[in-house]
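Trainee: no sequence on this one, just coordinates:
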C-alpha cells in the first residue's frame, strides 16, 4: 500500500540526487501539435530548406531514430566493457541534419556564424548559435506549461541551509534544459548537474548515476535519489545501492504504484513514497 512519509519517518540525508521534470518542475509539452511544425518549417525555409510541416515532422522522427542507432554503435566502441542499453542522442544534431541534409533546397542569402548555409557541416552547425536558437524555439513552441512545484525552491534552499549537497540527474536535452533550470531559479540551488544528453546515456542505465557518484565523490551510504518515475528514478537508485524517495506527482493510485514497484523490483524496504507528491515532506 502506498503511504505518505510521516514526520517521524523522515531522515535528512547528506546528499540528495534529484530528477527534474515531474519532480522539481511541473512541465507539459506537445511535440505533435500542428502549429509547432508550421512554425519550424517556416524557419527552415528561411535558411534554404523547403519542407511542408508534415514532411519536417516525419523527417525529425526518422533522424531521431537514425541518431539512436548510430549512437548505440558508437557507445559499444567507447565503452565495450559496459552493456549500454539506454543511449541519449544530441537533439541539436537532428536539427542540424534537418538543414544540411534537406532534400529540397533553394538558394538563400542567410548565413550562420558568417558562413553560407550550404558550406556548414552537421558538426559545426550543431555547435552553432543557430542550433541553440532553433532548439529553444522548438522547445518554447512545444511547451505548454513550465513552473516549479509550489514547494520546490523553498525545500531545496532549506536542505542547503542544513548543509546538504544537492545534485541533478535528469533525462533531458542540455541545449534547452539548462535554459529552463535558469528560468525557474533551480540552477542556483544545485551543487552539480548531470543531464543525459551530455553523457549520451540516460536513466535507468546504472552507469549514468555511477559517473555522478564518482565525479563528485558522493558517499552512497548517506545519499538518496528523489524522483517521480519508478523505473528510471527508483530503479537506478536500487541498481546503484541507494535508497529512493518516490514523489507521486502524477497522482497514481495505490494499485498503480504497487504495479510499478513490482515491475521495477523495488520494495518499501528500499524506497519511501510521498503519496501526495509534495517535496516539502523531505523536511522534518
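Mentor: It's in. As the structure is a computational prediction, the values presented were derived from the model and not from experiment. Residues are numbered from 1 along each chain as shown.

Trainee: show me where the stretch 1-150 of the chain dips below the pLDDT cut-off.
Mentor: Along the stretch 1-150 of the chain, segments meeting pLDDT under 70 span 1-9.

Trainee: quick one, longest helix in this protein?
Mentor: helix 53-78 (DSSP state H).

Trainee: what is it packed up against?
Mentor: helix 34-46, helix 91-100 (3 or more C-beta pairs under 8 Å, 6 or more residues apart in numbering; DSSP states H and E). Quick note: C-beta positions are derived from backbone N, CA and C, even for glycine.

Trainee: what is the orientation angle of it with helix 34-46?
Mentor: 80 degrees (axes from the mean of the first three to the mean of the last three C-alpha atoms, to 10 degrees).

Trainee: and stretch 58-70, how far out from the chain middle?
Mentor: 18 Å (C-alpha atoms, centre = their mean, to the nearest Å).

Trainee: ugh, wrong one, I meant stretch 77-95
Mentor: Relative to its chain's centre, stretch 77-95 lies at 14 Å (C-alpha atoms, centre = their mean).

Trainee: ok, now stretch 74-88?
Mentor: Worked out by C-alpha atoms, centre = their mean, stretch 74-88 lies 19 Å from the chain centre.

Trainee: if we go by neighbour counts, what in it is buried?
Mentor: 75, 84, 86, 87, 88 (16 or more other C-beta atoms under 10 Å).

Trainee: so which of the residues you listed comes closest to residue 264?
Mentor: residue 86 (14.5 Å; C-beta to C-beta).

Trainee: quick check on the residue nearest to that closest one when sequence neighbours are not counted: phi, psi?
Mentor: With C-beta to C-beta, 6 or more residues apart in numbering as the criterion, residue 86 has its nearest non-adjacent residue at 4.2 Å, and that residue is residue 205. Reported as degrees, to the nearest 10, the phi and psi values for residue 205 are phi -60, psi 120.

Trainee: now residue 205: how far from residue 171?
Mentor: Distance, residue 205 to residue 171, using C-beta to C-beta, to the nearest Å: 10 Å.

Trainee: quickly list the domain ranges of the protein.
Mentor: Split into domains by automatic domain parsing, the chain comes to 7-24+149-282, 34-143.

Trainee: most packed of those domains?
Mentor: Of all those, domain 7-24+149-282 carries the top mean neighbour count, a mean of 19, counting by mean count of other C-beta atoms under 10 Å.

Trainee: which stretches of the stretch 151-284 of the chain form strands?
Mentor: With DSSP state E, counting those that start in this stretch as the definition, the stretch 151-284 of the chain shows strands at residue ranges 165-170, 192-195, 223-227, 244-247, 271-274.
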